[in-house]
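Enquirer: Sequence first, predicted coordinates after that:
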Amino acid sequence: MNRTNKTLEKITSDSADDCRRIAKTAREEAEALIRKYDERILAYQEDAETELGRQTDELFRGAKDTAAGIRDDLLDEYKKRVIDDTYMNAISELCEMPQEWYVNLIVRLVLGVLMKNIKECKEDIELIFNGRDQDIGGAVALELKNNHQLSPDVQSRIVLSDNTEEIEGGVIVRCGSITENCSFEFLVKEIREKTEEKISDILFSE
């Protein structure tokens, strides 16, 4: 009986030792596996953070570029509006000149047209104004009819048209098939094409 007990005790002891060894091995393997997965998770996390950082940087750069583009567009629009206003103010100032200056300016413009086209102009010379400037048109026609630079034949063919044009100011000169636009907006447009870059430099120079 004692021998049997000793044998059982030995078997039990050996089994316990085996169980402890197995448990230890299993624990070590489990810990190794956990470390392995922890390393993978950390790698994935680092990759994810790197990718997120890259995407964030790209998003930031894109947003920055977009903002810069919008800023440049707004600045260009602002500059264009300021330049537009500058030339519109020039038209307004021409329209608001004292009547004597206004008449003298229109007379000089019409004389320039007639001198350029005098040989081709054989019909009546119509002076066409806007609806507001008909009185000024009468004064201009009278000045031209008495201008010594024009021959009596040309003087006699100068007429103030009953028609009007949708212009801010100035005059349209028409003689047969010849039409010359001497409206203030057209003249300022021609001047703008030659001076806009210089005006922009003056207005926006740092």
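Expert: Nice, thanks for sending it over.
Enquirer: Check the secondary structure at residue 159 for me.
Expert: Classification of residue 159 by DSSP: H, G, I helix; E, B strand; the rest coil places it in strand.
Enquirer: Can you pull the phi/psi pair for residue 167?
Expert: With angles defined as degrees, to the nearest 10, residue 167 sits at phi -130, psi 160.
Enquirer: ok, and for the helix or strand containing residue 141, which residues are buried?
Expert: In this assignment (DSSP states H and E), residue 141 forms part of helix 134-145. By 16 or more other CB atoms under 10 Å, the buried positions in helix 134-145 come out as 136, 137, 139, 140, 141, 143, 144. For glycine as for every other residue, the C-beta is placed from the backbone atoms N, C-alpha and C.
Enquirer: Any chance of a markdown table for those, columns distance to residue 103?
Expert: Formatted as a markdown table, those follow (distance: CB to CB, whole Å):
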| residue | distance to residue 103 |
| --- | --- |
| 136 | 6 |
| 137 | 9 |
| 139 | 5 |
| 140 | 6 |
| 141 | 10 |
| 143 | 6 |
| 144 | 10 |
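Enquirer: would you turn those residues into TSV with distance to residue 172 and pLDDT?
Expert: Formatted as TSV, the buried residues of helix 134-145 follow (distance: CB to CB, whole Å; pLDDT from 0 to 100):
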residue	distance to residue 172	pLDDT
136	14	93
137	11	94
139	17	95
140	12	95
141	13	95
143	17	94
144	15	94
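Enquirer: ok, so of those, who is nearest residue 188?
Expert: Minimum distance to residue 188 across the buried residues of helix 134-145 is 18.4 Å, recorded for residue 136 (CB to CB).
Enquirer: Can you show me the helices along this structure?
Expert: Using DSSP state H, the helices found in the chain span residues 2-95, 99-117, 134-145, 152-156, 184-204.
Enquirer: Lowest mean pLDDT across the ones you listed, which one is that?
Expert: Lowest mean pLDDT within the helices of the chain: helix 2-95, a mean of 60.
Enquirer: list the buried ones in stretch 163-173?
Expert: By neighbour count on 16+ other CB under 10 Å, the buried set for stretch 163-173 is 165, 167, 168, 169, 170, 171, 172, 173.
Enquirer: do stretch 123-135 as well
Expert: The neighbour-count check on stretch 123-135 (16+ other CB under 10 Å) flags 125, 126, 127, 128, 129, 130, 133 as buried.
Enquirer: Let me see the contact set for the second one.
Expert: Right, the one you point to is residue 126. 159, 160, 161, 163, 173, 174, 175 (CB atoms under 8 Å, 6 or more residues apart in numbering).
Enquirer: hmm, try it at 10 Å
Expert: Counting by CB atoms under 10 Å, 6 or more residues apart in numbering, residue 126 makes contact with 141, 157-163, 171-176, 179.
Enquirer: Residue 118: which of those residues is nearest?
Expert: Closest to residue 118 out of these is residue 175 (9.6 Å), distances taken as CB to CB.
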